[in-house]
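[1] have a look at this prediction, sequence included:
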Amino acid sequence: MNRRLFAHLSRTLILLAAISVAACSSDEDNNPGGTSDTGSGSADSGSGSTDTGTEADTEADTEADTGTEADATPDTEADTGTEADTTPDTEADATPDTETDTETDSGSGSGDTSIPGPDPLTRVTVDGLTNASADDYALNRWGLIEASTLQTYATGWGTADTAAPDAAANGRPASLNADARLIVLQLNAAARAPGEDFIPSSPANGVYVFEIDAFRFNETRDTGLISNSVRYQASGSTTDDWLTRYGIDLSRDFVVFAAGANTGTTGAFFQDLARAVYWLSYWGADLRRIAILNGTIAQNYAGTLASSKLTEGAISNDGFSVRDLRNDHFSLTLPLEDFLTIVDNGLNATGVVEGYDRQFIIDARPTPQFLRTAGNAAFVDTLPGQFITTAWNSTGAPSNDDAGKAKNYLPIEGHVKGAATFPWANLLVDTGSNNWKYKSRADLEALFSAAGYTPELAIDTVLVSQCRTNFEVQVNGFAARVILGYPTVHFDGSLVEYLSLVSNHPTSEFNLLPTDPAYIYRTDLPGRTQHYAASANPEAPSTTEDEAGLPAYNIPTGTGPTDRKVSQAVINRNATTTRQALDEDLLYKQ
């Protein structure tokens, strides 16, 4: 029997047994095992979200951080927990063969036909999910690569790289097997000139190029607390379906995410590219098998482009599933309860992120949004500091016009207590003619240091990344984890979850009550969300931070086009866990 099919059958029987047991013990705790720091679990709940995947923080907050406007993965060393280098490994591929048959013959001759279970998952802690880029991005073989490297791959994939680490690649990464395929996933066409849209596919040489659809590498999930609204890590079944559509085998292939052309005025396309890496890392992909292009194909790729791309289903991954990656990278994502533990302990929480008892929270929104000083707030003329942060069912930045007034906003403004402002757009540079790229490694390190996270903190302090929807901060998270090699996790629900959880809002229907089990998750406390000194306007506190002050509640007036509208995530008031999706993802890989 095919070993991959054999393993899938084994897992199916185990899952059926688990479901049977669960059906007989429905009164048991809904947090199996009570796992400590299993990493992620932040899942959004359910479907029905009007945020369909084209939502974007690519629309939101793309202006430069001027003070008045909006601002402009996987285990890297064969699950050893050590940092990977982006330069080629001179040894053989260190990535374990996920299809290796581990069954041994007992020699008893008993004819035992029982089906063995899958290999146990190897848990990888955060420090094992980082990568250090070369100072010169043109020397990187994975992670952040330049167009020259992608061109070398696209035209010379059949030859293994033999160049020295301090020289540019001259073939596919040496760590890959000869049957590895190059799969290039373009967010859009390059449109460089008529007929010059896509990097040419070359099936005979193992090169396959697709244009991917509007799926943004996340979906609504049920965390136990939040459902049918906020978007979190895409589930295992959704991820496997997506990999099947493009024929990707993450244990064999090398995947490059690239923007064909920049359709905006900032480098917001990096939010999607970086989110893709974070998502596949979460599900167990090796960082040495993933890359994103620094800049767009249209403005940086010097090779010939073609007019056509492959269609979905053009190649097969032979039934590959993320279950075949026998590792647990879920530590990359924090559920709300773990994030609250960090906040409640003043960013010195023990036992939440394994190996790190100190945390540094960054907020990647534009600084004026963080400080509530945004001059483009929807009702800034009468309510300065309010109606800035759009809710889960609206997209983009606020604006002081009819479009901005038509949007829904969160019940409360401000920022997570203890968080540092670190706008995503500050990490990118326009090299000319709207050609946005990551700043140099040295510049990125300096920016992190200026925000308060210096290189020596990487020893005992983990970066915790969040923004409005966990898209803007993907630019920061990728820079930290994949370029600088800093330990990094994400609070996936971000502010659209966090600032929905109020208990003393003037509009009582929004409030969690003391009798609600979910009351413990309320965030409008002075120790959890920043408070402010009062002003002459009772509906708009000042922007002066004050521990003994007031929360900056957004108060609605109606549902009309120009009314002030407030929306919160869909909350289960009886919730006693926020890690339900994490438990589901962990079970999916068992």
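    Looks like it came in fine.
[2] can we go C-alpha only for contacts and neighbour counts from here?
    Will do.
[3] got the contact list for Arg289?
    Arg289 is in contact with Trp142, Leu250, Asp253, Phe254, Val255, counting by CA atoms under 8 Å, 6 or more residues apart in numbering.
[4] now the closest residue in space to the fourth one that isn't next to it in sequence: how far from Asp324?
    Going back to what we said before, that points to Phe254. Spatial nearest neighbour of Phe254, chain neighbours left out: Arg289 (4.6 Å); criterion: CA to CA, 6 or more residues apart in numbering. In this structure, Arg289 and Asp324 are 15 Å apart, going by CA to CA, to the nearest Å.
[5] over to Leu513?
    44 Å.
[6] with neighbour numbers in mind, choose between the two.
    Asp324 (23 against 17; other CA atoms under 10 Å).
[7] need the pLDDT of that one.
    What the model reports for Asp324 is a pLDDT of 98.
[8] separation between it and Leu499?
    Distance from Asp324 to Leu499, by CA to CA: 37 Å.
[9] what of Asn572?
    Following CA to CA, the distance that separates Asn572 from Leu499 is 15 Å.
[10] swap in Phe269?
    26 Å.
[11] count of neighbours near Asp119?
    For Asp119, using other CA under 10 Å, the count is 17.
[12] so how far is Arg326 from it?
    7 Å.
[13] how about Val464?
    25 Å.
[14] settle it for me: which of the two has more neighbours?
    Val464 (25 against 22).
[15] adjacent strands (with direction) for the one helix or strand that one maps to?
    Under the criterion of DSSP states H and E, Val464 resides in strand 461-466. Next to strand 461-466 in the sheet, as set by DSSP bridges, lie strand 358-363 (parallel), strand 488-491 (parallel).
[16] average pLDDT for the longest one?
    Averaged over strand 358-363, pLDDT sits at 98.
[17] would you tell me what the next helix or strand after it is?
    Next element after strand 358-363 (DSSP H and E): helix 367-371.
[18] before we move on, what about the last one?
    Scanning forward in sequence from strand 488-491 by DSSP H and E, the next helix or strand is helix 494-498.
[19] counting neighbours, which bits of that next one end up buried?
    Within helix 494-498, the residues scored as buried using 16 or more other CA atoms under 10 Å are Ser494, Leu495, Val496, Glu497, Tyr498.
[20] roughly how far does the third one sit from Ser567?
    Right, Val496. 10 Å.
[21] one more: the first one?
    Here Ser494 is placed at a distance of 15 Å from Ser567 (CA to CA).
[22] and whichever strand or helix holds Ser148, what's buried?
    Here Ser148, judged by DSSP H and E, is contained in helix 147-156. Buried residues in helix 147-156, counting neighbours by 16+ other CA under 10 Å, are found at Ala147, Ser148, Thr149, Leu150, Gln151, Thr152, Tyr153, Ala154, Thr155, Gly156.
[23] re the thing from before, nearest to Gln359 among the contacts of Arg289?
    Trp142 (27.6 Å; CA to CA).
[24] all helices for this structure, in order.
    In the chain, the segments counted as helices under DSSP state H are 3-24, 147-156, 236-245, 269-282, 297-300, 336-344, 367-371, 402-405, 441-451, 472-478, 494-498, 580-589.
[25] so of these, which one's packed in deepest?
    helix 472-478 (a mean of 29; mean count of other CA atoms under 10 Å).
[26] let me see the mean pLDDT of it.
    98.
[27] low-scoring pLDDT stretches of this protein, where are they?
    1-117 (pLDDT under 70).
[28] before we move on, back to that, possible to save the helices of the chain as TSV with distance to Ala552?
    Below are these laid out as TSV (distance: least, CA to CA, whole Å):
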stretch	distance to Ala552
helix 3-24	44
helix 147-156	46
helix 236-245	38
helix 269-282	28
helix 297-300	44
helix 336-344	19
helix 367-371	11
helix 402-405	18
helix 441-451	25
helix 472-478	23
helix 494-498	14
helix 580-589	30
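[29] which stretches of the stretch 301-450 of the chain form strands?
    Applying DSSP state E, counting those that start in this stretch to the stretch 301-450 of the chain gives strands spanning 327-328, 333-334, 358-363, 408-409, 412-413, 420-421, 428-430, 436-438.
[30] ok, residues contacting the third one?
    Among residues not part of strand 358-363, those counted as contacts by CA under 8 Å, 6+ apart are 342, 347-350, 370, 415, 418-423, 453, 460-467, 473.
[31] whichever of those residues end up buried, select them in PyMOL.
    Buried residues within the contacts of strand 358-363, by 16+ other CA under 10 Å, are selected in PyMOL with:
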select buried, resi 342+347+348+349+370+415+418+419+420+421+422+423+453+461+462+463+464+465+466+467+473
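[32] and Leu550, how many neighbours?
    Neighbours around Leu550, by other CA under 10 Å: 21.
[33] same check, this time on Leu121
    By other CA under 10 Å, neighbour count at Leu121 equals 16.
[34] and it, how close does it get to Leu325?
    8 Å.
[35] same question, Phe198
    30 Å.
[36] so which of the two has more stuff around it?
    Phe198 (27 against 22).
[37] check contacts around that one.
    Gln186, Ala189, Ala190, Val209, Gly260, Leu305, Ala306, Ser307, Ser308, Lys309.
[38] what of Trp392?
    Taking CA under 8 Å, 6+ apart as the test, what Trp392 contacts is Asp51, Ser229, Val230, Thr469, Val496, Ser567, Gln568, Ala569.
[39] I figured Leu336 was touching Phe491, is that so?
    Yes: using CA atoms under 8 Å, Leu336 is in contact with Phe491, at 7.1 Å.
[40] how many other residues sit next to the closest residue to Leu444 other than its chain neighbours?
    Of all residues not flanking Leu444 in the chain, Leu427 sits nearest, at 6.4 Å (CA to CA, 6+ apart). Residues lying near Leu427 (other CA under 10 Å) number 21.
[41] isn't Leu427 up against Gly477?
    No: the pair Leu427 / Gly477 is not scored as a contact, 10.7 Å apart, by CA under 8 Å.
[42] ok, the nearest residue to Asn348 once chain neighbours are set aside - how many residues close by?
    Of all residues not flanking Asn348 in the chain, Arg358 sits nearest, at 4.4 Å (CA to CA, 6+ apart). The number of residues packed near Arg358 is 21, by other CA under 10 Å.
[43] quickly list the domain ranges of the chain.
    What automatic domain parsing lists as the domains of the chain is 122-331+584-589, 333-578.
[44] quick one: end-to-end length of the shortest one, please.
    Read that as domain 122-331+584-589. First-to-last distance for domain 122-331+584-589 - CA to CA - comes to 11 Å.
[45] between Asn572 and Leu499, which one's more packed in?
    Per other CA under 10 Å, whichever of Asn572 and Leu499 has more neighbours is Leu499, with 26 against 17.
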